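Peer 1: Build me a structure from this.
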Amino acid sequence: MSDPLDRFDEVFGDLDQSYSHRAYRFVLAAVGHLVGRLDEPRHISGQELLVGLLELGRTHFGPLTGEVFAEWGVKKPLDFGRIVFELVRVGLLGKTAEDELEDFAHFAQFHTIKRDYDWLSELPPEEEN
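Peer 2: Numbers count the residues shown, from 1 in each chain. Sure thing, here's the model as predicted:
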C-alpha cells in the first residue's frame, strides 16, 4: 500500500480548506507514527489518535503546541476528527463501521496543552544587555 503522504498533494484541493495543509499532513504523519509503533497492524481509535497527535505535537512544538494547532485551524479535538474524516472521504485513510466523528468530541487532555506549560509564565523576564 502506498504512503498516504505521497498522494496528499493530489487530493488537497478536494479537502475542507478550513484547515491548513499542515494540519492534514500532521494527522497523516501521526497515523504513520502510531501504526509504526504497533507490534501488529490494527485499527487506531479516535482517542488513540488524539493521544498520538498530542504527544507528537508536544515533541515537535513543545509549549507552542496549542498555538500551532490553532494557527492550523484546530481549536478543539473535534477539528482533528473532521480532518480525519476528510482524509477518509478522499481515500487517504480508512475507517471502520463503528468509527464516528463524535469519537473525537471529548478529550480532556487536549485542553491541558497550555496548562502543561504554565511554568513558562512563571519565568522571570529576560534582561536586556
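
Peer 1: What residues sit buried inside stretch 81-88?
Peer 2: 81-87 (16 or more other C-beta atoms under 10 Å). Where you see a C-beta, it was placed from the backbone N, CA and C, and this is true even at glycine.

Peer 1: Stretch 41-58 too?
Peer 2: Neighbour-count burial for stretch 41-58, counted by 16+ other C-beta under 10 Å, picks out 44, 46, 49-54, 56-58.

Peer 1: Looking at these, which are in helices?
Peer 2: Within these, residues falling in helices by DSSP state H are 46, 49-54, 56-58.

Peer 1: I'd like those as JSON lines, with distance to Pro77 and pLDDT appended.
Peer 2: Output for those, formatted as JSON lines (distance: C-beta to C-beta, whole Å; pLDDT from 0 to 100):
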{"residue": "Gly46", "distance to Pro77": "9", "pLDDT": "92"}
{"residue": "Leu49", "distance to Pro77": "10", "pLDDT": "92"}
{"residue": "Leu50", "distance to Pro77": "6", "pLDDT": "91"}
{"residue": "Val51", "distance to Pro77": "11", "pLDDT": "88"}
{"residue": "Gly52", "distance to Pro77": "12", "pLDDT": "91"}
{"residue": "Leu53", "distance to Pro77": "9", "pLDDT": "92"}
{"residue": "Leu54", "distance to Pro77": "9", "pLDDT": "90"}
{"residue": "Leu56", "distance to Pro77": "14", "pLDDT": "92"}
{"residue": "Gly57", "distance to Pro77": "12", "pLDDT": "92"}
{"residue": "Arg58", "distance to Pro77": "15", "pLDDT": "89"}
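
Peer 1: now, among those, which is nearest to Ala70?
Peer 2: Set against Ala70, the nearest of these by C-beta to C-beta is Gly57 (11.4 Å).

Peer 1: ok, now which ones touch the closest one?
Peer 2: 26, 65, 68-69, 113 (C-beta atoms under 8 Å, 6 or more residues apart in numbering).

Peer 1: Show me those residues that map onto helices.
Peer 2: Counting by DSSP H, the contacts of Gly57 place 26, 65, 68-69, 113 in helices.

Peer 1: Let's have the buried residues of stretch 41-58 in CSV, adding distance to Ala97.
Peer 2: Converted to CSV, these look like this (distance: C-beta to C-beta, whole Å):
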residue, distance to Ala97
Ile44, 15
Gly46, 14
Leu49, 17
Leu50, 20
Val51, 23
Gly52, 22
Leu53, 23
Leu54, 26
Leu56, 27
Gly57, 29
Arg58, 32
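
Peer 1: I am finished for the moment; much appreciated.
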